[in-house]
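Engineer: Structure for the following, please:
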Amino acid sequence: MQTLAQIAATVAGYDPQALPVAQAQDFIARLVPRVQAVESLAIRSALGRVLARDVVSPINVPAHDNSAMDGYALRFADLAAAGGSNLPVAGTALAGAQYPHAVPPGQCVRIMTGAVIPTGLDTVVPQEWTQLAAEGQVHIPSGVVQAGDNRRLAGEDLARGEVALAAGRILRPADLGLLASLGQAEVAVFRRLRVAFFSTGDELRSIGEPLDEGCVYDSNRYTLWGMLQRLGVELIDMGVVRDEPAALRAAFSQAAACADAVITSGGVSVGEADHTKQIMAELGDVLFWKIAMRPGRPMAIGRIGAAADGTGAMLFGLPGNPVAVMVTFYAFVRDALLAMSGATPAPLPVLRAACETGIRKKAGRTEYQRGIVSQGADGRWTVRITGSQGSGILRSMSQANGMVVLRHDQGDVQAGDLVDVLPFEGLI
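Structural biologist: Okay, the predicted model is just below:
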């Protein structure tokens, strides 16, 4: 397995003191291992889990040609080109049963939605387009259908032998229904990723503790908990760890022994009182970056401890400021954890919106501004910034419904310019 230094040597222009966001994302993608263990679950227990193997359809879906409408099944060739047609109704085809008789030429069958189309018939005329004629006959106007209309073909949804769901997919409610439609009671999924997380800093206090002079309540563990919950991983909350070598050494060792990934907040900047960086370096193969982004410049990345396969747990050392924790999580950690879980992360949807005010932006770094997106009466999307954008102002994230992403090479934004917005819905 390559060391981090060996991976860094393959990255063109690698500079840990001013690393572009895209370069950091590429580096992390090369680094993360994948979960290998697989378990079989009942489909009702598999929601949100990552599919471990392709699901191949054992049947045609639908199994037979069937009607998409309540109406009349017939041979299109029996319809007159003009003046309409009066066809005798030979019987009724119901869903869940094969029509038992042959249908003579020139006749039709009353048919219900989902019913198998009788042999020899090829078109369904919706009931609302027909009229009752003489006793036992139906009148069908000319030109209301084309040959093959309203007929669902066998295998139209899925053909036998076709891949219904590909490995790496995070199973959604519709997928559970699809599995059920194939008669699949169980499905193979990767085991849940185990993620340990804790905050570092002598100034931090947990909820319920007295707030001493100069101290703050730890909010980062709660935002991390919420963001990790959305990924469906197994969580190991290790609380607040004091900035003391012995306490940090014990926490990192314990986390690495029980988790696939370890996430910390705080202690990765250049503060002289922080021992976190020292202990990270002592216990693992770790790089310390200054990323060309705002907020969230300092970050640690690497492997720590010794797992059974010798790779160790992945380490993500995030900044201590609350907004910076969330931004760096979504910029780097989210996709890495999904990949480690066996999933194939898809790019997050980006909305283009007109910025209501100008934004000063220095080229050479990626900036994440918190914004409120809304849609005007004309259907155009606009975004306004949520006031002060300091990395410690967690309220700015709480008020926002998206992040304005100003790319690395982008300069100042003028009022009315279109900008990229990453919506929070489904993300945070």
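Engineer: Can you list phi and psi of the closest residue to M340 other than its chain neighbours for me?
Structural biologist: Of all residues not flanking M340 in the chain, V32 sits nearest, at 5.1 Å (C-beta to C-beta, 6 or more residues apart in numbering). Placement of C-beta: from N, CA and C, glycine included. When read as degrees, to the nearest 10, the backbone of V32 gives phi -70, psi 140.
Engineer: surely V32 meets S341?
Structural biologist: No - counting by C-beta atoms under 8 Å, V32 stays clear of S341, with 9.9 Å between them.
Engineer: If you count surrounding residues, which of those two has more?
Structural biologist: When V32 and S341 are compared for neighbours, S341 comes out ahead with 26 against 18, by other C-beta atoms under 10 Å.
Engineer: who are the neighbours in contact with the more buried one?
Structural biologist: V35, V50, F190, R192, L193, L231, G232, V233 (C-beta atoms under 8 Å, 6 or more residues apart in numbering).
Engineer: same question, R160
Structural biologist: Contact analysis of R160 by C-beta under 8 Å, 6+ apart lists S57, P58, I59, N60.
Engineer: And the closest residue to it other than its chain neighbours, what's its pLDDT?
Structural biologist: Spatial nearest neighbour of R160, chain neighbours left out: N60 (5.2 Å); criterion: C-beta to C-beta, 6+ apart. pLDDT, N60: 94.
Engineer: E203 too?
Structural biologist: At E203, the model reports a pLDDT of 89.
Engineer: So it sits against D218, correct?
Structural biologist: No - the criterion here is C-beta under 8 Å, and E203 misses it with D218 at 9.3 Å.
Engineer: shared neighbours, the two?
Structural biologist: In contact with both E203 and D218: no residue, using C-beta under 8 Å, 6+ apart.
Engineer: Between those two, which is the more surrounded one?
Structural biologist: Shown here are E203 and D218; by other C-beta under 10 Å, D218 has more neighbours (23 against 13).
Engineer: Disregarding residues adjacent in the polypeptide, which is nearest to the more buried one?
Structural biologist: Nearest residue to D218, sequence neighbours excluded (C-beta to C-beta, 6+ apart): L204, at 4.3 Å.
Engineer: residue contacts, that neighbour?
Structural biologist: When contacts are counted by C-beta under 8 Å, 6+ apart, L204 touches C215, V216, Y217, D218, V240, G266.
Engineer: hmm, try it at 10 Å
Structural biologist: 215-221, 239-243, 265-266, 320 (C-beta atoms under 10 Å, 6 or more residues apart in numbering).
Engineer: which of those has the most neighbours?
Structural biologist: Using other C-beta under 10 Å as the neighbour test, these are led by S265, with 30 neighbours.
Engineer: Give me the local confidence score for that one.
Structural biologist: The model's pLDDT for S265 equals 94.
Engineer: where in the stretch 301-428 of the chain is pLDDT low?
Structural biologist: In the predicted model, the stretch 301-428 of the chain carries pLDDT under 70 at residues 306-311, 426-428.
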